[in-house]
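Asker: Here's a sequence, model it:
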Amino acid sequence: MEPHERVAAAASERVEDAVDQISDDLVGFASDLVRVRSVLNHEEPAQELVRERLEALDLEVEEIRADEVPGIEDHDEYVERDLSYEDRPNLLATREGADDGPSLLFNGHVDVVPEGDRDAWSFDPFAGTVEDGRLLGRGASDMKGGVAAMIYALEALDRAGIELLGDLSFNTVIEEEYGGSGGTLASVLAGVDADAVVIPEPTGFDSWIANDGVSYFRVTVEGKGAHAAETDAGVNAISKLLPIYHALEGLHDERKTTVHDELFEEWHEHTVSLNLGTLRGGEWVSSVPDEAVLEARISHAPEETREGLRETVERTVERAAEGDPWLQEHPPEIEWFGWRGRSAKIDPDEPIVRTVEAVAETTLDRESHAKGFPGGIDSRFFVNETGTPAVCFGPGAYNIHGTDEYLPVAELEELTLALALTAMSWCGYRVTPDES
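Answerer: Presented below is the predicted three-dimensional model:
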C-alpha cells in the first residue's frame, strides 16, 4: 500500500497553525492523563478520559474486553492473570474517510509501570504539571504524551479544515507494559486492523520496525534441608544452583557475540540478551536451604524461533547439571512463565516507514532512522497476526521506567503535528473551503 500523496505546503501550514491554537488543550489533556495512576488493573479512569475526548470529536467509541474475545486464551502469547476485565476495556473509534483512501490506525497504551520509591523522585510521580517547558510525571513519555498527540492530531485536522480520504482509527489499550495480551492482542484478535499502524511510543522520532522476542523462565533446584549445626548432613540448594547461574551467564556472553541484526546493533550494544533477574534461596539463616529459584528474561532476534531458544536454554541447564550426582538424581526444573512475546520485523522500505520518516525530516527537520528495539512492543501483534505493517514513531524517552519521567512540551506539539501530517500523507486528504 502506497501513501496517497505528499502534503502540500499550504495545507501543512494550516495544520501547524491549528496545532499552535490547540496547544493549551493538548497539554491540558496530557496532564490529566498523567495525573491518573493507571498501573495494571487501574486503567479505567485513564480510558474514561480518552473516551470523553474521542466522543467530543463526534466519534463512536467501542469497547473491547479481552475475556470476551473468542479463543484468546489459546493464543501462544496470552498470559492469564487473576484479574477481571469487566472495568478494563480497550477502546476503538474511527473517523470514516471521505473517499476510499488507505486506512490508518493509531494505537497507544494508557497503562504505566509503577513509580517505585516515591522519595527518589524530585516531584510527585503523578504531578501532571508543566515546569520549565516539561510535562512531569510517570507516563509523560511512555506513552500518555503519545496518546494525547494521536487524539489531538485529529482535533488539529478538524480545526484546519482537513478531511481525510481514508479511515483514521484510534485504539487505546491496557496491559502493554505487561506483555500486551489483554490489550493490543485482544484488540487485533477482535478485528482491529487497518492498512497501516502507527504507535507513538517514545522512539526519539525514529521508527522502530523490528523487535526482539521476549521470554521469562524459572529454574528451581531442590536441596536437602538440615540444621546449620549439621550443615554437611544437608544439601545446599543455593550451592547447587550456582553452576547453572554461571552457565546462563556464559550463554548470555555467547549469544551477544553470535546473534546479530544490524537494525539493532547500529543503535544498541547487542541484538539479544539474557538477564538473570531474581535469585531466591533459603528461609532461615540457621537452616541449610532446601530450594533455590532463579528467574530470568531472555530475548531472541527476529530470525530466531522461540522454540529453538527454549531448547538452547534447557540444554544449557542440563549441561550445567551434568557430573553432579545430586542434580542427576534431582534434576533442575525449568518453567517458562509470564511474558512470552514473539519477535517481529518489517522492511525499512515499507511505505508507512517512509511516510513517517519523510514527515519527521521535512516537517520537523529531524533525522529519522529505522531501528530494531531490543524488547517487546505492541506493533508485533499487527505484523504477526494480520501481516499489517506497523511502526512505532514518537517523541523522546525521558527517564521512562525510572524516576523523574518527563516530556518536553515542544516534543508533544511536534508529535501532534507529525501524526496529523502522517495521516494526511497516508490516507489522502482534501481541504474544505473556509465558511467565511
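Asker: which parts of stretch 21-28 are buried?
Answerer: Within stretch 21-28, the residues scored as buried using 16 or more other C-beta atoms under 10 Å are 22-23, 26-27. C-beta coordinates here come from the backbone N, C-alpha and C atoms, glycine included.
Asker: And the contacts of it?
Answerer: Contacts to stretch 21-28, defined as C-beta atoms under 8 Å, 6 or more residues apart in numbering, come from residues 19, 130, 135, 148-149, 152, 155-156, 159, 409, 412-413, 416.
Asker: can you do 6 Å?
Answerer: Residues outside stretch 21-28 that contact it (C-beta atoms under 6 Å, 6 or more residues apart in numbering) are 152, 155, 409, 413.
Asker: could you give the mean pLDDT of it?
Answerer: Stretch 21-28 comes out with an average pLDDT of 98.
Asker: now do stretch 293-304
Answerer: So the average pLDDT for stretch 293-304 ends up being 97.
Asker: got the contact list for that stretch?
Answerer: With C-beta under 6 Å, 6+ apart as the test, stretch 293-304 has contacts from 210, 212-220, 259, 261, 271-280, 309, 343, 345.
Asker: and if you look at stretch 336-353?
Answerer: Counting by C-beta under 6 Å, 6+ apart, stretch 336-353 makes contact with 2-3, 77, 179, 196, 207, 209-218, 302, 370, 376, 380, 383-384, 389, 391, all of which sit outside it.
Asker: Kindly export that stretch (C-alpha atoms) in CSV.
Answerer: In CSV, the C-alpha atoms belonging to stretch 336-353 read as follows (Å, rounded to 0.1, in the frame of the first residue of the first chain):
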residue,chain,number,x,y,z
TRP,A,336,8.5,-20.9,31.1
PHE,A,337,6.1,-18.4,32.6
GLY,A,338,4.7,-15.0,32.2
TRP,A,339,5.6,-12.9,29.2
ARG,A,340,6.4,-14.9,26.1
GLY,A,341,6.3,-12.4,23.3
ARG,A,342,7.2,-13.1,19.7
SER,A,343,9.6,-11.1,17.6
ALA,A,344,8.6,-9.2,14.5
LYS,A,345,10.2,-7.2,11.7
ILE,A,346,9.1,-5.2,8.7
ASP,A,347,11.1,-3.9,5.7
PRO,A,348,12.7,-0.4,6.1
ASP,A,349,11.2,0.4,2.7
GLU,A,350,7.6,-0.2,3.8
PRO,A,351,5.6,2.8,2.6
ILE,A,352,4.4,3.6,6.2
VAL,A,353,8.0,3.7,7.3
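Asker: Which residues belonging to that stretch are considered buried?
Answerer: Residues of stretch 336-353 classed as buried by neighbour count (16+ other C-beta under 10 Å): 338-346, 348, 350-353.
Asker: cool, stretch 54-74 as well?
Answerer: Applying 16+ other C-beta under 10 Å to stretch 54-74 flags 54, 59, 61, 64-66, 69, 72 as buried.
Asker: any idea of the mean pLDDT in that stretch?
Answerer: Per-residue pLDDT over stretch 54-74 has a mean of 97.
Asker: mind listing the helices in the stretch 1-150 of the chain by residue range?
Answerer: 9-21, 23-35, 44-56, 145-160 (DSSP state H, counting those that start in this stretch).
Asker: quick check: mean pLDDT across the longest one?
Answerer: Per-residue pLDDT values over helix 145-160 give a mean of 98.
Asker: Can you give me the domain assignment for this structure?
Answerer: By the assignment in automatic domain parsing, the chain contains the domains 9-211+344-431, 213-341.
Asker: how far is the last one from where the chain is centred?
Answerer: If I follow you right, that is domain 213-341. Offset of domain 213-341 from its chain centre (C-alpha atoms, centre = their mean, to the nearest Å): 26 Å.
Asker: same question, stretch 69-85
Answerer: Its chain's C-alpha centre and that of stretch 69-85 lie 18 Å apart, by C-alpha atoms, centre = their mean.
Asker: same deal with stretch 395-408?
Answerer: Offset of stretch 395-408 from its chain centre (C-alpha atoms, centre = their mean): 15 Å.
Asker: Repeat that for stretch 47-57.
Answerer: 22 Å.
Asker: For residue 217, list each beta-bridge partner.
Answerer: residue 296, residue 336 (DSSP bridges).
Asker: so how far is residue 45 from it?
Answerer: Distance from residue 217 to residue 45, counting by C-beta to C-beta, to the nearest Å: 35 Å.
Asker: Compare these two (neighbour count), which wins?
Answerer: Under the neighbour definition other C-beta atoms under 10 Å, residue 217 and residue 45 were set side by side, and residue 217 has more, 22 against 15.
Asker: Any chance you could list what contacts the longest helix along the chain?
Answerer: If you go by DSSP state H, the chain has its longest helix at helix 237-258. Helix 237-258 is touched from outside by 219, 221, 223, 270, 272, 274, 281, 289-292, 316-317, 320, with contacts defined as C-beta under 6 Å, 6+ apart.
Asker: Brilliant, that's me finished.
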